[in-house]
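J.: Structure, please.
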Amino acid sequence: MAEMSFSSIRKKEKVTDLVLTQIKNSLMRGELKPGDKLPGTGELAGKMGVGISSVREAIKMLESLGAVESRQGEGTFVSSTCRDSAANAFEIQFMLLPRTAEYLVQFREVYETAYTHLAMEQATPADLEQVEAAVVSLEEKVKRLPPEALVEAQDELDFHRSVLYCTHNPYVIKIGEVSLELFFDALQDRLVPLKITDAAEDHRNILEALRNKDTERLHKVFQKSFPAWYLRFKNANR
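T.: Numbering: from 1, shown residues only. The predicted structure follows:
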């Protein structure tokens, strides 16, 4: 583990926030890595010239974000994996951004186009089996339901998440999961559902494009679907 450059805090700001910033910067610089043990609260307090209570509060904030974990009798460690937490700052920040149809469709077009092309390059046969399972599941529903039936948000979420996982890139997946949840969970009351037959057709075309590395077919799907996204938002602010 690299030497951690914690320094004495002298600024007249909230002490806990400054402690938090120093620990965050140490993580950003790679001085603290996943699995590393943090110095004890007393040692951190001494290096920064602050009270132990401020350090403890900062550690609790990091725990709530899933960045560190306390182990009884062992100490506090940097989390080795991204854990779900009730106070996921990244997700909360996404939720607080303006939810206009224009912004959301633009983001979806840019991001989904990029990660789907990456999925085309990275997907393994096992990955494609998972994507196909989502496609077949929806196609089976099409057979049972009337043509005017609408696709459920969970079916769209399951399919797009399976494509996202084909990228095998933790950064792409993390951002993608948050954006997908925003579209298909938080905004479903403002999103006009797609006809289930249209959704099944689009999903099948995307799967076949991935399987055959057919960028032209993928482009045609996106050309058709993204303009329609503007029409799928109800009462969206412009």
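J.: where do the helices sit along this structure?
T.: Applying DSSP state H to the chain gives helices spanning 15-28, 41-48, 52-64, 89-96, 101-122, 125-144, 153-165, 170-181, 196-212, 215-232.
J.: Worst mean pLDDT among those helices?
T.: Mean pLDDT is lowest for helix 89-96 among those, at a mean of 76.
J.: Dump the C-alpha coordinates for that one into CSV.
T.: Written as CSV, here are the backbone C-alpha positions of helix 89-96 (Å, rounded to 0.1, in the frame of the first residue of the first chain):
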residue,chain,number,x,y,z
ALA,A,89,-24.5,9.2,-4.3
PHE,A,90,-24.1,8.4,-8.0
GLU,A,91,-27.7,7.3,-8.3
ILE,A,92,-29.0,10.1,-6.3
GLN,A,93,-27.2,12.7,-8.4
PHE,A,94,-28.7,11.1,-11.6
MET,A,95,-32.1,11.3,-10.0
LEU,A,96,-31.7,15.1,-9.3
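J.: Number the chain from 258, please
T.: Happy to do that; since the first residue is 258 now, the last one works out to helix 346-353.
J.: how about it: buried residues?
T.: Buried residues in helix 346-353, counted by 16 or more other Cβ atoms under 10 Å: 348, 351. (C-beta placed from N, C-alpha, C; glycine too.)
J.: Relative to the whole chain's centre, how far out is that helix?
T.: Mean-position distance between helix 346-353 and its chain equals 10 Å (Cα atoms, centre = their mean, to the nearest Å).
J.: what does stretch 327-335 give?
T.: 27 Å.
J.: Check which residues of it are buried.
T.: So stretch 327-335, judged by 16+ other Cβ under 10 Å, has buried residues 333, 334, 335.
J.: which one among the residues you listed gets closest to residue 284?
T.: Residue 284 has its nearest neighbour among the buried residues of stretch 327-335 in residue 335, at 6.9 Å by Cβ to Cβ.
J.: Show me what that closest one bridges to in the sheet.
T.: residue 325 (DSSP bridges).
J.: Which residues are in contact with it?
T.: Residues in contact with residue 335 (Cβ atoms under 8 Å, 6 or more residues apart in numbering) are 284, 289, 290, 291, 292, 293, 294, 295, 324, 325.
J.: mind checking how far it is from residue 394?
T.: Going from residue 335 to residue 394 by Cβ to Cβ, to the nearest Å gives 38 Å.
J.: which of the contacts of residue 335 are buried?
T.: Burial by neighbour count, 16+ other Cβ under 10 Å: within the contacts of residue 335 this picks out 284, 289, 293, 295, 324, 325.
J.: any chance of the residues you listed in JSON lines, with distance to residue 433 too?
T.: Formatted as JSON lines, the buried ones among the contacts of residue 335 follow (distance: Cβ to Cβ, whole Å):
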{"residue": "284", "distance to residue 433": "23"}
{"residue": "289", "distance to residue 433": "26"}
{"residue": "293", "distance to residue 433": "28"}
{"residue": "295", "distance to residue 433": "30"}
{"residue": "324", "distance to residue 433": "20"}
{"residue": "325", "distance to residue 433": "25"}
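J.: Nearest to residue 272 among these?
T.: Residue 272 lies nearest to residue 295 out of the buried ones among the contacts of residue 335, by Cβ to Cβ, at 17.5 Å.
J.: Just put the contacts of residue 335 in a markdown table and tack on distance to residue 488.
T.: As requested, the contacts of residue 335 are exported to a markdown table (distance: Cβ to Cβ, whole Å):
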| residue | distance to residue 488 |
| --- | --- |
| 284 | 43 |
| 289 | 48 |
| 290 | 47 |
| 291 | 44 |
| 292 | 48 |
| 293 | 50 |
| 294 | 53 |
| 295 | 51 |
| 324 | 40 |
| 325 | 45 |
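J.: Since that was my last question, I'll sign off now.
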